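K.L.:
this one's sequence-less:
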Ligand SMILES: Nc1ncnc2c1ncn2[C@@H]1O[C@H](COP(=O)(O)OP(=O)(O)OP(=O)(O)O)[C@@H](O)[C@H]1O
């Protein structure tokens, strides 16, 4: 079992007022537009956002692949490039970096030789679920298997922080599930994991925290459940007997916290920010079979990213 960084040390990732502008002949693009973010050691954080939101640019800056136009970034208290050089952070990026004629084991051995110290080659291959494919040429590996190989390479320096940019792009459902199983084990050993994804369900089932990005800005940041609730409110469903239904509906309409009422046969569905207040009101009004749920992450995503265009 690896030793996680000591508690009370600097955060795994810290961004202060980070801006990244790309200039081209046709003008300039603010890919990242003033991001403040702190990620603690051992957190599993999803960067979720539509195409062009600025996710890759932000991750590239955390990895020291590009520098901010303004603002500062530190990784475990160090400048990103120093943290990468010290093996404290590594990445699984979307593309590139593999030589097609080498086998899986040869690739891991070659990259291991570039580190002064590295994790065991066999152990890394096993953790990435590649033991049976160790002798296979990279050119014969599927897209998902190549992603696993990139993941094995990322584990070589035994990093405290793993950055994954859409790591399961191109994988089928089974490969994706297997990949996240492996990542769960890595997270359980105390690594911080930050990943970018378009898949809401991936963020939902794997991340403890979602940082929703749109138009280069953070539009929401919190526990998955909290974001869902903040963006969509709670859904309250209740049954009213026909005799008191009309009266109940008009009383509920008068409540400030209720922002939508949809009658549906015997049931009434309400959307509200303060579901406790609504629950008390509907029970006072003789409602039965009360059900309180939060909206879907899909709804939250749409609500939060709408209008946040560059
Ligand atoms: N090197 C570059 N030169 C010019 N513009 C760039 C460059 N890299 C990114 N951009 C622009 O910056 C914005 C953010 O891009 P980025 O790749 O960070 O978004 P993303 O959220 O990762 O998107 P996707 O989900 O499609 O990968 C986009 O408008 C993109 O066109």
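P.N.:
Good, I have the coordinates. Only a predicted model underlies this, so the values are computations on that prediction, with no experimental measurement involved.

K.L.:
contact partners of stretch 129-142?
P.N.:
98-105, 107, 122, 125, 145-146, 148-149, 152, 175, 178, 182 (C-beta atoms under 8 Å, 6 or more residues apart in numbering). C-beta coordinates here come from the backbone N, C-alpha and C atoms, glycine included.

K.L.:
are any of those buried, and if so which?
P.N.:
Buried members of these, scored by 16 or more other C-beta atoms under 10 Å, are 98, 102-105, 107, 125, 145-146, 148-149, 152, 175, 178.

K.L.:
pick the one among those residues closest to the ligand.
P.N.:
Nearest to the ligand among these: residue 146, at 18.3 Å, using C-beta to the nearest ligand atom.

K.L.:
confirm that the closest one sits in a helix.
P.N.:
Yes. Counting by DSSP: H, G, I helix; E, B strand; the rest coil, residue 146 is part of a helix.

K.L.:
the chain should start at 37 in everything you say after this.
P.N.:
Happy to do that; since the first residue is 37 now, the last one works out to residue 182.

K.L.:
tell me which element the nearest residue to residue 257 once chain neighbours are set aside is part of?
P.N.:
Counting by C-beta to C-beta, 6 or more residues apart in numbering, residue 257 lies nearest to residue 247, which is 4.9 Å off, once chain neighbours are set aside. According to DSSP states H and E, residue 247 maps onto strand 245-250.

K.L.:
pLDDT averaged over the one helix or strand residue 256 maps to, what's the number?
P.N.:
Following DSSP H and E, one finds residue 256 within strand 253-259. Mean pLDDT, strand 253-259: 91.

K.L.:
and if you look at stretch 81-94?
P.N.:
Per-residue scores along stretch 81-94 average to 91.

K.L.:
show me which positions of that stretch end up buried.
P.N.:
81-86, 89-94.

K.L.:
so which of the residues you listed reach the ligand?
P.N.:
By C-beta under 6 Å from any ligand atom, the members of these lying near the ligand are 85, 89-93.

K.L.:
same list (the residues you listed) but as TSV, adding secondary structure.
P.N.:
As requested, these are exported to TSV (three-state DSSP):
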residue	secondary structure
85	coil
89	coil
90	coil
91	helix
92	helix
93	helix
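
K.L.:
I'd like those residues written out as JSON lines, with distance to residue 228 added.
P.N.:
Listed next are these as JSON lines, based on distance: C-beta to C-beta, whole Å:
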{"residue": "85", "distance to residue 228": "20"}
{"residue": "89", "distance to residue 228": "21"}
{"residue": "90", "distance to residue 228": "20"}
{"residue": "91", "distance to residue 228": "17"}
{"residue": "92", "distance to residue 228": "19"}
{"residue": "93", "distance to residue 228": "20"}
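
K.L.:
residues contacting residue 260?
P.N.:
Contacts of residue 260 (C-beta under 8 Å, 6+ apart): 239-240, 243-246, 333.

K.L.:
much appreciated, bye for now.
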